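> sequence plus the predicted model coming up.
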Amino acid sequence: MSKAKDYTESLEIGVQEKQEPEDPQKRWINKMIKSARRYHKLCPYYDKKTGICLLSITVEGVQNKCDRDGRYENCPVFAKFLEKMYDYYRKRRKVLPSDFQDVVHQAFLI
Ligand code: SF4
């Protein structure tokens, strides 16, 4: 086999590796964020009156204000909450919800 062919094959293998599905936790988190968009324009844990993030006490242990005006798509607190929910379901060997509304009221379980 020629060196050029070896190189081409290794490139193809590299491409295949990149196309491998992302890890299940990340996939589920993306699915929940997509599902949340159907129900919530703003973060359901955003207190519009006070600007407080109702998740921060659960996720970070301190109550913080939301510095994103409730835009949750790329919010690290929101993502961390979903990570914790994923772990919660996995540890208890429960079926992962496929709809964000099944998760939204469970913020204080974790
Ligand atoms: S910080 Fe993130 S999780 Fe908290 S209210 Fe704002 S958008 Fe929601």
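Thanks, I have the structure now. Residues are numbered from 1 along each chain as shown.

> where does pLDDT dip in the chain?
1-21, 107-110 (pLDDT under 70).

> again, only this time at 90
Counting by pLDDT under 90, the chain shows low-confidence ranges at 1-22, 58, 104-110.

> residues contacting the spatially most central residue of it?
The central residue of the chain, meaning the one whose C-alpha is nearest the mean C-alpha position (CA atoms, centre = their mean), is residue 29 at 3.0 Å. Neighbour list for residue 29: 79, 82, 83, 86 [criterion: CB atoms under 8 Å, 6 or more residues apart in numbering]. Where you see a C-beta, it was placed from the backbone N, CA and C, and this is true even at glycine.

> what are the ranges of the helices in the chain?
Using DSSP state H, the helices assigned to the chain run over residues 3-18, 24-39, 56-59, 76-91, 101-104.

> which one of the ones you listed lies nearest to the ligand?
Using CB to the nearest ligand atom as the criterion, the shortest distance between the ligand and the helices of the chain is 4.0 Å, found for helix 76-91.

> mind checking the end-to-end distance for stretch 35-53?
Using CA to CA, to the nearest Å, the end-to-end distance of stretch 35-53 comes out at 20 Å.

> so how far is that stretch from its chain's centroid?
15 Å (CA atoms, centre = their mean, to the nearest Å).

> could you do stretch 67-79 as well?
Once both centres are worked out by CA atoms, centre = their mean, stretch 67-79 turns out to sit 11 Å from its chain's centre.

> quick check: residues of the protein near the ligand?
Residues of the chain lying close to the ligand (CB under 6 Å from any ligand atom) are 43, 45-46, 53, 55-56, 66, 68, 70, 72, 75, 77-78.

> using JSON lines, lay out those together with distance to residue 99.
Written out in JSON lines, the entries for these read as follows (distance: CB to CB, whole Å):
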{"residue": "43", "distance to residue 99": "17"}
{"residue": "45", "distance to residue 99": "17"}
{"residue": "46", "distance to residue 99": "20"}
{"residue": "53", "distance to residue 99": "23"}
{"residue": "55", "distance to residue 99": "19"}
{"residue": "56", "distance to residue 99": "24"}
{"residue": "66", "distance to residue 99": "24"}
{"residue": "68", "distance to residue 99": "23"}
{"residue": "70", "distance to residue 99": "21"}
{"residue": "72", "distance to residue 99": "16"}
{"residue": "75", "distance to residue 99": "20"}
{"residue": "77", "distance to residue 99": "21"}
{"residue": "78", "distance to residue 99": "16"}
